[in-house]
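S.K.: with the input below, show me the fold.
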Amino acid sequence: MKTIGLLGGMSWESTAAYYQIINTEIKKRLGGLHSAKVIVYSVDFGEIEPLQRAGNWPATARTLSQAAESLQAGGADCLVICTNTMHKVAGEIAQHIDIPLLHIADATAAEIHASGHACVGLLGTRFTMADAFYRGRLTDRFGIDVVVPDKADQDVVHDVIYEELCRGDIRESSRKAYLQVIGRLAEQGAGAVILGCTEISLLVQQAHTVTPLFDTTRIHALEAVNFSLS
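M.R.: Numbering: from 1, shown residues only. Here you go, the predicted model:
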């Protein structure tokens, strides 16, 4: 079994979900008392978020690259960045390590292709929805059409993530708002919707909607398990 390096803390709630999913799957596949070999580096999100808000992505890249180097030095065989948004600087981080970086968008694209969907909606932070680093990768590398909410809906989705979900605050009113956004994405032609922020699955699950959902937290965590047991 290879050792998984988790770069988390953005937020810690979703990082905990990664740890749980990975260990549950390892036990399912190997049985007995088996659990995953995991190293976790959890950053202080209170230091990262202001840099995101200010658009100081080089500073976030430096901080996360140092964390990635620590994970590699500690014996990690791969790197899993436990957040969609910070894959904006995944390329810079990868330059500082020699171990594979398991990209969350690549793992998600594989699931989308396997399901047969050609057009999907994308929910996430404003950075993930508005910038090209994520949806552009899905389109350019994998030929997947991506639709995003309009600005007003983007504001709702983004604010719920930072003001509620990252603080462990789960509200029924916000779930209803998200489901309305998902419905509007379906009206735009999305055959399925990517939960492109690792906190969103804390609020919305498949049982809440008939629109197929791609839970990037679970997809990414299972990709780490596949690597670990390969």
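
S.K.: okay, now the domains of the protein?
M.R.: In terms of domains, the chain is parsed into 4-103+219-229, 104-215 (source: automatic domain parsing).

S.K.: pipe the ones you listed into JSON lines and attach mean neighbour count per row.
M.R.: No exception for glycine: its C-beta is placed from N, CA and C like everyone else's. Shown next, in JSON lines, are these (neighbours: other C-beta atoms under 10 Å):
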{"stretch": "domain 4-103+219-229", "mean neighbour count": "18"}
{"stretch": "domain 104-215", "mean neighbour count": "18"}
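
S.K.: may I see those arranged in TSV, with mean pLDDT as well?
M.R.: Formatted as TSV, the domains of the chain follow (pLDDT from 0 to 100):
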stretch	mean pLDDT
domain 4-103+219-229	97
domain 104-215	96
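
S.K.: let me see the ranges of the strands in this protein.
M.R.: 4-8, 38-42, 78-81, 119-123, 145-147, 192-195, 213-215 (DSSP state E).

S.K.: for those, give me JSON lines that also has distance to Ala54.
M.R.: Listed next are these as JSON lines, based on distance: least, C-beta to C-beta, whole Å:
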{"stretch": "strand 4-8", "distance to Ala54": "21"}
{"stretch": "strand 38-42", "distance to Ala54": "22"}
{"stretch": "strand 78-81", "distance to Ala54": "20"}
{"stretch": "strand 119-123", "distance to Ala54": "23"}
{"stretch": "strand 145-147", "distance to Ala54": "26"}
{"stretch": "strand 192-195", "distance to Ala54": "26"}
{"stretch": "strand 213-215", "distance to Ala54": "30"}
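
S.K.: select, out of these, the one closest to Ile170.
M.R.: strand 192-195 (14.3 Å; C-beta to C-beta).

S.K.: if I read this right, Leu202 contacts Ile170, doesn't it?
M.R.: Yes. With contact taken as C-beta atoms under 8 Å, Leu202 and Ile170 are classed as touching, separated by 6.2 Å.
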